[in-house]
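> Return a 3D structure for these sequence lines:
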Amino acid sequence: MARRTRRAFGLGVALALAAGVAAGQTVTVDTSAGNRQQTIDGFGTCLAGTEGQSSWFQQLYFDDMQASMLRFDIVPRFAAPYSDLHYNSPWFGQASPMDLPGPDGNNVRTYTSAADYTQSFGGQKAQIAVMGPNIDDNVKLFDFGDEVPKTAGTLAQIGQQKQGADFKLFASMWSPAPWLKVSSGNTISGQSDPLPKNGTPWPFIWGGNFSGGKLDTSGTPRAEFDDGTGPTSALTQFARALAAYLRGFQDTYGVKLYAISIQNELNFETFYNSCTYPLASGYIAALKAARAELDKYDDLKTIRIMGPEDLLGGDGYGMWQYGGGNNVTHKNLQYLTEIAKDPDAVKAIDFFCIHGYAADGVSSAGATPQQWQWWADGWQTSPSAGLPAAVDGFASYGKKSWMTETSGEDTAWLSPANGFPGKGAFSIALKIHQALTAGQESAWAYWQMTDGSDVSAYTLTDATQKESSPKYVAAKHFFHFVRPGSQRVPVTVSGSSTLVASGFVHDGQGTLVLELINTDASDATVSVEVPSNPPDITSFDVRTSSDGSLWQTSSADVSGGAVSVTVPGYGVVTLAGQGTGTGTGGAGGTGGAAGGPSGGGSAGQSTGGSSGASGGGGAKASGSEDDGGCGCRAAPRSGSSGAALLSLLGLALLRRRRR
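Modelled structure (predicted):
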């Protein structure tokens, strides 16, 4: 795919004209049944590395943060002999000629399809794991003791034990089995040793990664995929492998998956596990094949399929289509449009998901209201030349949407130190607010909790900072208090264009949560008019975070039907109220004085959609072009002498990754 012109998201500027406290502002919450918005499914992160097997991580994730979701990678991990020499590719420490740079002097093993996947390379021949008609025989071809499924399975056991049905385990596939892919016609560029040489065509194997190429969705039977009854197609093999891997994982760890995505960032090829579906037709073929296969089995048919898991993008083209003529790449809204034309595809996809990144896949776009509004509601006037005049957003199709990956912020609460801190940890809270209000998302997941290194643009914390990391704290305001089963309700902010608010009510638990975010440098005094539903709320637990003063605990009593708080400049305040519940709904969390309370609304709206003045007085929390990082880094090989180096490469090269 040709590289795309990048557009940096503008940073909104919210400068205080004078020091001190801003004039009083009033927040009104509408919890009436008729104006309820989306139901919240939860908050969480993806997994990287093995720290999730540590008790400190587990306590932090489930008890302190109270994350209610977990995402992991379902790139299939095959057993020997299929994974021998880690899929027969050059790497550090292997005997010549399979050490780097390999027999071809290229650091990779290239191939074009199943036809030449098994050709001799370095005196070895890679093997193809053919999936037969018996799913249990197919399960035996995978390695579920690999650290990726092991870490995910261990954490999922804890999540399901602690939270029951409220906990949601979901997964994304970065690439199918390598032999199922064919050439995309594209080549890699912008790399240096020990990465693949520039000009190398996709697909290839690099350090055990199934890099680039596209799934063969032609449906053509191939002799290489003879399952004992005759040749089968790559599409059949893809679906059978998916079903077997999911069954094997669930059975090995005694857990249940809530949902899967069949392709992470479905038109992005890179040096780590990746695969492209440039046209909706190919994605739809894979989608329907996957759904049909899972539906054959009682233990798999309840697993939902979400998609297309594309990037939020930076302009109308990034939401609809790149290129033209014979060089077209469909984007998220066009995938939805084409799915809607196919009744079987509509049935196959349970709900939608998207990543909060810009068009380059690196810059965080998590709090840019225009793109979120397009994703939710589409447009009725073409935003750019060559785009359709009218396009539906996901909300038009009657299915929910999840934001399943974003990252990119600096580790300090405020960054930059002067001007609007749209690159700092503070901006995470604003980005979550934008996704839930303007984007109408039902769930929000960050790229990584930790990754074995110091906290960075790609993680919320690390083994040293733990709960004291500013990024962790910003996310915790939502993760900890907005419990699964909460409904977002309308909120109006009067007297301010720089204070934004979102809120959530959980009728079963009788809880009301408000998230107040001050996008101005001056403190704001706020009076919240407390609604009568949920009943019997007499006080609120308060959590306040600002630069140098994170996660301060206090309480505020309701007086005269209202409660008053101060929101620090560039600060976040959570109000958690416990009233009388109906006793229905999810179990929720166990922490917080309100027992995991939830409730509230979105600033400046009465029936959903965008919040406030473009969701925050025009303030945008998106990062610059050099900011952020998609969490699709290469996975280090277990036991390899180059694993540590590859991990460092992943950290460094993510900063360089560009469309």
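> all strands of the stretch 501-650 of the chain, in order?
Residue ranges of the strands in the stretch 501-650 of the chain, as given by DSSP state E, counting those that start in this stretch, are 511-518, 523-529, 539-546, 549-557, 562-567, 572-578.
> For the last one, what does the pLDDT average out to?
Strand 572-578 shows a mean pLDDT of 99.
> Show me what it pairs with in its sheet, parallel or antiparallel.
For strand 572-578, the pairing partners within the sheet under DSSP bridges are strand 511-518 (antiparallel), strand 539-546 (antiparallel).
> can you list contacts of the last one?
In this case it means strand 539-546. Taking contacts as Cβ atoms under 8 Å, 6 or more residues apart in numbering, the residues outside strand 539-546 that touch it are 413, 473-474, 477, 481, 551-558, 563, 565, 567-577, 592-594, 597. (Each C-beta comes from the backbone N, C-alpha and C, glycine too.)
> Likewise for stretch 100-115?
Here stretch 100-115 makes contact (Cβ under 8 Å, 6+ apart) with 87-92, 97, 117, 119, 121-122, 126, 128, 178-183, 193-197, 200-201, 203-206, 211, 216, 222, 224-225, 234.
> Quick one: end-to-end length of it, please.
From the first residue to the last, stretch 100-115 extends over 25 Å; the measure is Cα to Cα, to the nearest Å.
> How about that stretch, which residues are buried there?
Along stretch 100-115, these residues count as buried under the neighbour rule (16 or more other Cβ atoms under 10 Å): Leu100, Gly102, Asn106, Asn107, Val108, Arg109, Thr110, Tyr111, Ser113, Ala114.
> That stretch - what's its average pLDDT?
Taken as a whole, stretch 100-115 has an average pLDDT of 97.
> Can I get the buried ones among the contacts of strand 539-546 as something I can paste into PyMOL?
Applying 16+ other Cβ under 10 Å to the contacts of strand 539-546 leaves a buried subset, and the PyMOL line that selects it is:
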select buried, resi 413+473+474+477+481+551+556+558+563+565+567+568+569+570+571+572+573+574+575+576+577+592+593+594+597
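> Output the below-cut-off pLDDT ranges for the stretch 551-659 of the chain.
Residue ranges of the stretch 551-659 of the chain with pLDDT under 70: 585-659.
> whoops, I mixed them up, the chain
By pLDDT under 70, the weakly predicted segments of the chain are 1-23, 358-368, 585-659.
> ok, Ser396 to Gln371 distance?
Here the criterion is Cβ to Cβ, to the nearest Å. By it, Ser396 lies 17 Å from Gln371.
> what phi and what psi does the backbone show at the closest residue to Gly185 other than its chain neighbours?
Leaving aside its chain neighbours, Gly185 sits nearest to Pro201 (7.8 Å; criterion: Cβ to Cβ, 6 or more residues apart in numbering). Pro201 adopts backbone torsions of phi -80, psi 140, taken as degrees, to the nearest 10.
> For Pro201, grab the count of nearby residues.
Each residue near Pro201 was counted by other Cβ atoms under 10 Å, and the total is 17.
> quick one: which of the strands of the stretch 501-650 of the chain is nearest Ile428?
strand 572-578 (9.2 Å; Cβ to Cβ).
> who's in contact with that closest one?
Contacts made with strand 572-578 from outside it, assessed by Cβ under 8 Å, 6+ apart, are listed as 426, 429, 474, 477, 481, 510-518, 526, 528, 530, 534, 537, 539-546, 556, 563, 565-567, 592-595, 597-599.
> follow-up on the earlier one: would you write a ChimeraX line that selects the buried entries of the contacts of stretch 100-115?
To isolate the buried members of the contacts of stretch 100-115 in ChimeraX, using 16+ other Cβ under 10 Å:
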select :87,88,89,90,91,92,117,121,122,126,128,178,179,180,181,182,183,194,195,196,197,200,201,203,204,205,206,211,216,222,224,225,234
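> Next one: Leu85 from Ser502, what distance?
The span separating Leu85 from Ser502 equals 51 Å under the rule Cβ to Cβ.
> Those two: which has the busier surroundings?
Counted by other Cβ under 10 Å, Leu85 and Ser502 do not tie: Ser502 has more neighbours, with 31 against 20.
> Surely the more buried one touches Lys431?
No. At 11.8 Å, Ser502 does not count as touching Lys431 under the criterion of Cβ atoms under 8 Å.
> Overlap in contacts, these two.
Common neighbours of Ser502 and Lys431 (criterion: Cβ under 8 Å, 6+ apart): none identified.
> which residues touch Thr154?
Going by Cβ under 8 Å, 6+ apart, Thr154 touches Gly52, Gln53, Tyr253.
> isn't the second one right next to Thr151, touching?
Yes. The pair Gln53 and Thr151 passes the contact test of Cβ under 8 Å, sitting 5.5 Å apart.
> do you know how far Leu155 is from Gly122?
Taking Cβ to Cβ, one finds Leu155 at 37 Å from Gly122.
> First-to-last residue distance for stretch 311-328?
Its start and end residues considered, stretch 311-328 measures 16 Å (Cα to Cα).
> With stretch 131-145 instead?
Criterion Cα to Cα; first-to-last residue distance in stretch 131-145 is 20 Å.
> how far does that stretch sit from the chain's center?
A distance of 28 Å separates the C-alpha centroid of stretch 131-145 from that of its chain, computed with Cα atoms, centre = their mean, to the nearest Å.
> and that stretch, which residues are buried?
Neighbour-count burial for stretch 131-145, counted by 16+ other Cβ under 10 Å, picks out Met131, Gly132, Ile135, Asn138, Val139, Leu141, Phe142, Asp143, Phe144.
> try stretch 158-178
For stretch 158-178, burial by neighbour count (16+ other Cβ under 10 Å) applies to 158-160, 162-163, 166-178.
> Give me the subset of those residues lying in strands.
Lys168, Leu169, Phe170, Ala171, Ser172 (DSSP state E).
> quick one: which of those residues is nearest to Gln58?
Using Cβ to Cβ, Leu169 is the member of these that sits closest to Gln58, with 14.6 Å.
> how about the strands in the stretch 351-500 of the chain?
In chain order, the stretch 351-500 of the chain shows strands spanning 351-355, 401-405, 443-448, 487-488, 491-494, 499-506, with DSSP E, counting those that start in this stretch as the criterion.
> Thr337: which of these is closest?
Evaluated over these, closeness to Thr337 peaks at strand 351-355, with 12.2 Å, by Cβ to Cβ.
> quick one: the closest one to strand 168-172, angle?
Angle, strand 351-355 to strand 168-172, by axes from the mean of the first three to the mean of the last three Cα atoms, to 10 degrees: 70 degrees.
> what residues does strand 351-355 touch?
Identification of contacts with strand 351-355 by Cβ under 8 Å, 6+ apart yields 259, 261, 265, 304, 306-312, 332, 336, 361, 375, 394, 397, 399-406, 442, 630.
> Now Pro221. Its backbone dihedrals?
Backbone torsions of Pro221, given as degrees, to the nearest 10, read phi -60, psi 140.
> Run the chain-centre distance for the top helix by length along the chain.
What stands out as the longest helix in the chain, according to DSSP state H, is helix 234-253. Centre-to-centre, helix 234-253 and its host chain are 22 Å apart (Cα atoms, centre = their mean).
> Show me what counts as buried in that helix.
Under the neighbour-count criterion of 16+ other Cβ under 10 Å, helix 234-253 has 234-250, 253 buried.
> what's it packed up against?
Secondary structure elements in contact with helix 234-253, counted by 3 or more Cβ pairs under 8 Å, 6 or more residues apart in numbering; DSSP states H and E, are helix 135-139, helix 147-163, strand 214-215, helix 280-294.
> Rebuild those as JSON lines, extending it with distance to Ser469.
Formatted as JSON lines, the helices and strands packed on helix 234-253 follow (distance: least, Cβ to Cβ, whole Å):
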{"stretch": "helix 135-139", "distance to Ser469": "39"}
{"stretch": "helix 147-163", "distance to Ser469": "19"}
{"stretch": "strand 214-215", "distance to Ser469": "38"}
{"stretch": "helix 280-294", "distance to Ser469": "37"}
